[in-house]
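Engineer: the amino acid sequence is not available; the structure is as follows:
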């Protein structure tokens, strides 16, 4: 009942005040969105985007990436590991990966490097801003951006010497420490920044069989280095390097859906990544700028788990218990090259009315898998290789029809080549030409209101289902296309004390890719299928209110209605998995005394289906978070608490038979979300 009342209250406030984002301060210092071809002020951005700025990220260094962006409207995430590997936007996105290669629906970019396949390694320390772009980004990002793109930007090098140090302690043996330091290395020529962050925790599970409290532990190391070289007055070169070492445990599921595991062989969830991005920004003349970027990443991952969730001897032999362990070892190498020309003011065309962008893109991706599966002590080994090469050409025109009205047209044509082979002698080659684009109108009524309408097309390549237990007709699935309409308004009222963003959307999916499962003895096979058609619609509303200089109120709401239009009889008319009907985040920040800030928010989410194979659903939930911050001089202390009411909720669910004592009767098994956590973060800025 409380959840329903709160939801109605949010709807009422959104209807009265329109909407908003974390956005511009009362001082009118604008947030700049950088995930498009050209930087733009958030208030003037004609797309569905949420920006999480530095103020919102300040006390979230030890918080998981998915928890941070999961507070934005119509953004969900899936666990099924130590942390969530996958993000869903408007109900579209992957939920897991086992034996088959995956083409992502949601792009994730970290400092110019593609982390769409590696979200586990993204931490929030020394991050300047997170931009969540919703809907197809077919012109700017292509194949990885059908559902949207999350762009994460770290703090950049500065001319003046500066630094930040912080340390955190919390329950569940949480310990974290990090520092960032930067400034001029060579005056007026070279600037640099280095950040190092280490985060560890025992996790939230107990393994009573092994007498361990750290079988689901967190152990993360992030090292980021940035160099900015002013090679000439018109030429800047940026180098971003990152080293990630994530060595987490995985012991999440139990036969009684408790936090007490009996697994004799807990798994691992690890990622090691070394990557760099080299970006050159060269002002050719007053008419155009050339931006060139190359990024390279090398990642190794392990995802392993105890399949039976028990130990030998826990069940009598007459109940036919089993003892399996599954391990997936992946090596990924990726190279991206993007070269684009952007017009400057003197280079506008069509009677100086139109700014233009043209570019070419190349991607080389390789993924090698070794699967080691042990059944009753007998090891079976499976290997596969998946390679893709993308070549794309793209362009965009931003045409000012008059002083208030702008037309945006964009097009991307991409050649997608893929090759797959495995130790079961399956060979699949794919060669497709894909296209995406955008047609948009932006109307700036005055300095207080900007209206926009966009029609966009995105795409996600088809692929292969690798498991040989599937019928031959199920071994491949088709490319999906998404047509999407966004209509919105960005507004401010009462001398910028109320700032809002409001967006309505509708999407039509063709050859909708659908993740399903096939139940086997003591196991299941996951695979992707195609529904002929699907659709979704809804709204995203974000509101900030600053009644005075000491108080900030906010209310964010996402509503989503998603359905299969034409598929199997049991799914036609039903919502796809991971598509909650509503999400909200409401709260306030208040400054009081001398240097004190109290923050509190409630984030809620409606019920949703865990899978497209069964009808089991999550329960709706609301989480309460608070923090109390004190700042004096260069020092600050934050006492924080998350899920302070210790709400029990699920982040992943499977429905199958795995318990010998019940005769392997199909049962809903869930992975629990983060329980009540609290701690203290102390920071020093210099």
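Structural biologist: Received the coordinates, thanks. What you see is a predicted model; the values in this text were computed from it and never measured.

Engineer: list the buried residues for stretch 405-417?
Structural biologist: 406, 408, 410, 411, 412, 414, 416 (16 or more other CB atoms under 10 Å). To be clear about C-beta, it is placed using only N, CA and C from the backbone, and glycine gets the same treatment.

Engineer: between the residues you listed, which is nearest residue 490?
Structural biologist: Sorting the buried residues of stretch 405-417 by distance to residue 490 puts residue 406 at the head of the list, at 13.8 Å, by CB to CB.

Engineer: which residue is the nearest non-sequential neighbour of the closest one?
Structural biologist: Closest residue to residue 406 apart from its sequence neighbours, by CB to CB, 6 or more residues apart in numbering: residue 442 at 4.4 Å.

Engineer: what packs against whichever strand or helix holds the one you found?
Structural biologist: Here residue 442 sits within strand 427-446, counting by DSSP states H and E. Counting contacts by 3 or more CB pairs under 8 Å, 6 or more residues apart in numbering; DSSP states H and E, strand 427-446 packs against strand 405-422, strand 449-460.

Engineer: of those, which is nearest residue 174?
Structural biologist: For the helices and strands packed on strand 427-446, the distance to residue 174 is smallest for strand 449-460, at 37.1 Å, taking CB to CB.

Engineer: what packs against the host helix or strand of residue 559?
Structural biologist: Element membership for residue 559, per DSSP H and E: strand 551-566. Judged by 3+ CB pairs under 8 Å, 6+ apart, the packing partners of strand 551-566 are helix 2-17, strand 523-548, strand 582-592.

Engineer: flag every buried residue along that strand.
Structural biologist: 552, 553, 554, 555, 556, 557, 558, 559, 560, 562, 563, 564.

Engineer: thought residue 540 was touching residue 73?
Structural biologist: Yes: using CB atoms under 8 Å, residue 540 is in contact with residue 73, at 4.1 Å.

Engineer: any shared contact partners between these two?
Structural biologist: Both residue 540 and residue 73 are contacted by 50, 557, 558, under the criterion CB atoms under 8 Å, 6 or more residues apart in numbering.

Engineer: please identify which pair of the buried residues of stretch 405-417 lies farthest apart.
Structural biologist: Within those, 406 and 416 form the most distant pair, 31.5 Å apart (CB to CB).

Engineer: residues in contact with the closest residue to residue 283 other than its chain neighbours?
Structural biologist: Among residues not flanking residue 283 along the chain, residue 234 sits closest, at 3.7 Å (CB to CB, 6+ apart). For residue 234, the contact set (CB under 8 Å, 6+ apart) comprises 282, 283, 284.

Engineer: from residue 293, how far out is the first one?
Structural biologist: Between residue 282 and residue 293 the distance is 12 Å, computed by CB to CB, to the nearest Å.

Engineer: can you give me the pLDDT of the closest residue to residue 518 other than its chain neighbours?
Structural biologist: Once flanking residues are discounted, residue 518 sits nearest to residue 525: 4.3 Å by CB to CB, 6+ apart. The score at residue 525 is 84. That number is its pLDDT.

Engineer: wait, residue 525 sits on residue 516?
Structural biologist: No: Residue 525 lies out of contact with residue 516 (CB under 8 Å); the separation is 9.3 Å.

Engineer: ok, what's across the strand from the residue most central in space within the chain?
Structural biologist: By CA atoms, centre = their mean, the chain has its centre lying nearest to residue 87, at 4.4 Å. Following DSSP bridges, residue 87 is listed with bridge partners residue 77.

Engineer: for the residue of the chain most remote from its centre, grab phi and psi.
Structural biologist: Distance from the C-alpha centroid of the chain, by CA atoms, centre = their mean, peaks at residue 318 (45.8 Å). Residue 318 adopts backbone torsions of phi -70, psi -20, taken as degrees, to the nearest 10.

Engineer: measure it to residue 667 for me?
Structural biologist: In this view, residue 318 and residue 667 are 20 Å apart by CB to CB.

Engineer: where does the protein have its least confident helix or strand?
Structural biologist: Using mean pLDDT, DSSP states H and E, helix 2-17 stands out as the lowest-scoring helix or strand of the chain, at a mean of 38.

Engineer: picking up where we left off before, residue 151: which of the helices and strands packed on strand 427-446 is closest?
Structural biologist: With CB to CB as the criterion, residue 151 lies closest to strand 449-460 of these, at 16.0 Å.

Engineer: re the thing from before, can you lay out the helices and strands packed on strand 427-446 as JSON lines showing distance to residue 176?
Structural biologist: Converted to JSON lines, the helices and strands packed on strand 427-446 look like this (distance: least, CB to CB, whole Å):
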{"stretch": "strand 405-422", "distance to residue 176": "40"}
{"stretch": "strand 449-460", "distance to residue 176": "36"}
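
Engineer: out of those, the one nearest residue 495 is which?
Structural biologist: Residue 495 sits nearest to strand 449-460 of all those, at 14.5 Å, using CB to CB.
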